[in-house]
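>>> no sequence on this one, just coordinates:
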């Protein structure tokens with residue numbers, strides 16, 4: 001599947017979302033990396049990086065937003081939506097294949113004190129507009145800093161009709177004896193691991209893509225993503 005980014009302005013860099021997070025590195029034995037759903041979430045998509053460093057303060061006195069440019073690059077932000085809202089301009093028009101949207105949000109599992117990223121979904125298979133990335137300031141009179149090279153946006157394609165084709169059901173495990181049996185095996189195995197007298201215990205079954213009894217799970221189980229970087233194409237055929 002093709003995902004094309006047409007550059008329109010500025011110098012914001014796009015990169016594959018990384019697996020690592022500093023707060024995970026700082027944990028004892030980097031324990032959080034043992035949660036595979038979390039680390040896959042870290043890597044899910046591409047990030048856009050700030051082209052400069054700046055600070056923003058939402059004044060409770062004047063109800064205005066002050067943006068202080070640190071002078072190390074082009075400033076791709078303003079307060080387009082008014083006080084309390086900080087808007088980034090990535091400088092790209094994205095194009096997906098027919099039937100695919102772009103899910104646009106903040107960097108995953110990377111909380112930032114005093115400000116929160118908003119989420120959007122855009123039909124990028126036909127729209128000829130660029131998009132902006134907006135953050136909501138949640139604390140007044142607090143200097144919030146973005147550094148040059150810091151991610152402010154994450155995106156990935158998703159099939160437009162998929163979510164509306166889902167038929168959700170709510171039931172009990174007794175309706176599916178096969179799933180119930182494997183769940184109970186996993187729960188018992190986890191209890192055994194957590195009650196172990198060893199140092200930090202870790203149930204590795206999901207990481208390995210196997211059930212508690214050793215039988216394999218999905219044949220396409222993933223323990224790491226391998227997304228491709230955007231390739232620069234100066235001239236199209």
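Happy to help now that I have it. In this text, all values refer to a predicted model and were calculated from it rather than measured experimentally.
>>> leaving out the residues flanking it, which one is nearest to the residue nearest to the spatial centre of the chain?
The residue lying closest to the centre of the chain (Cα atoms, centre = their mean) is residue 108, at 3.2 Å. Once flanking residues are discounted, residue 108 sits nearest to residue 41: 5.1 Å by Cβ to Cβ, 6 or more residues apart in numbering. Bear in mind the C-beta positions are built from the backbone N, C-alpha and C, glycine included.
>>> report the mean per-residue pLDDT for the helix or strand hosting the one you found.
Assessed by DSSP states H and E, residue 41 sits inside helix 36-43. In this model, helix 36-43 has a mean pLDDT of 97.
>>> what lies in contact with whichever helix or strand comes after it?
Sequence order places strand 46-49 as the next helix or strand after helix 36-43, per DSSP H and E. For strand 46-49, contacts defined as Cβ atoms under 8 Å, 6 or more residues apart in numbering pick out 12-18, 88, 90, 92, 107, 133, 148-156, 227, 230.
>>> and the helix or strand of the chain with the lowest mean pLDDT, what other elements does it pack with?
Each helix and strand of the chain was given a mean pLDDT (mean pLDDT, DSSP states H and E); the minimum falls on helix 177-194 at a mean of 87. Of the remaining helices and strands, none touches helix 177-194 by 3 or more Cβ pairs under 8 Å, 6 or more residues apart in numbering; DSSP states H and E.
>>> buried residues, that helix. List them.
Residues of helix 177-194 classed as buried by neighbour count (16 or more other Cβ atoms under 10 Å): 182, 186.
>>> that older thread, in terms of contact, does the residue nearest to residue 108 touch residue 107 like I think?
No - contact criterion Cβ atoms under 8 Å: residue 41 and residue 107 do not qualify, at 10.6 Å.
>>> return a PyMOL selection command for the buried portion of the contacts of strand 46-49.
Applying 16+ other Cβ under 10 Å to the contacts of strand 46-49, the buried members can be selected in PyMOL as follows:
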select buried, resi 12+14+17+88+90+92+107+133+151+152+153+154+155
